[in-house]
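**Q** here is my input, please return the structure:
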Amino acid sequence: MNEKCPKINAIATPNAPQAIGPYSQAIQVGGLLFTSGQIPLNPNTGRMVGDTVEEQTEQVMQNLSAVLAAAGIGFECVVKTTCYLQRMEEFAAFNAVYAKYITSAPARSCVAVAALPKGALVEVDVIAMIGTEGTV
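**A** So this is what the prediction gives:
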């Protein structure tokens, strides 16, 4: 590791899909946690879950919950989300499920994209506060 970089801790849990490439489920740097994007994969089977954006969003949020829990926190610590939808017409349906999990109104970006891995309809990543310092 480069001595100029702060200590970087990888976060991993079997309760969320394993990384399918050269990345971590999440990285903690100082008082922040950065998750990788989660798509609707079942962590036990590695298969896509659901045919609708609602079903897929539910799985995505469960996966994010597992990653946050592995870091010892929950959705209440999320300060920023980035949401990727295959079809912006499904924004309201996506938002209805998202709002069940994210109730603290963090900053958010939501964009439509041409394609997502494995044909997913939705992907979400988050940035959250972590640690006992009380400051970021």
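**Q** can you list contacts of the helix or strand of the chain with the lowest mean pLDDT?
**A** Confidence across the helices and strands of the chain bottoms out at strand 8-11, with a mean of 91, counting by mean pLDDT, DSSP states H and E. When contacts are taken as CB atoms under 8 Å, 6 or more residues apart in numbering, the neighbours of strand 8-11 outside the stretch itself are Met1, Ser24, Gln25, Ala26, Ile27, Gln28, Val29, Leu33, Val67, Ala70, Ala71. Every residue, glycine included, has its C-beta placed from N, CA and C.
**Q** again, only this time at 7 Å
**A** Taking CB atoms under 7 Å, 6 or more residues apart in numbering as the criterion, the residues outside strand 8-11 that touch it are Ser24, Gln25, Ala26, Ile27, Gln28, Val29, Leu33, Val67, Ala70, Ala71.
**Q** again with stretch 119-131
**A** Residues contacting stretch 119-131 (CB under 7 Å, 6+ apart): 28, 31-40, 48, 53, 56-57, 60, 64, 68, 71, 73, 77-86, 90, 94, 116, 136.
**Q** for stretch 76-91, which residues meet the burial criterion?
**A** Cys77, Val78, Thr81, Thr82, Cys83, Tyr84, Leu85, Gln86, Glu90 (16 or more other CB atoms under 10 Å).
**Q** quick one: which of these sit in strands?
**A** When DSSP state E defines the strands, the subset of the buried residues of stretch 76-91 inside them is Val78, Thr81, Thr82, Cys83, Tyr84, Leu85.
**Q** just to revisit the earlier point, show me which of the contacts of strand 8-11 are buried.
**A** Ser24, Gln25, Ala26, Ile27, Gln28, Leu33, Val67, Ala70, Ala71.
**Q** lovely, talk soon.
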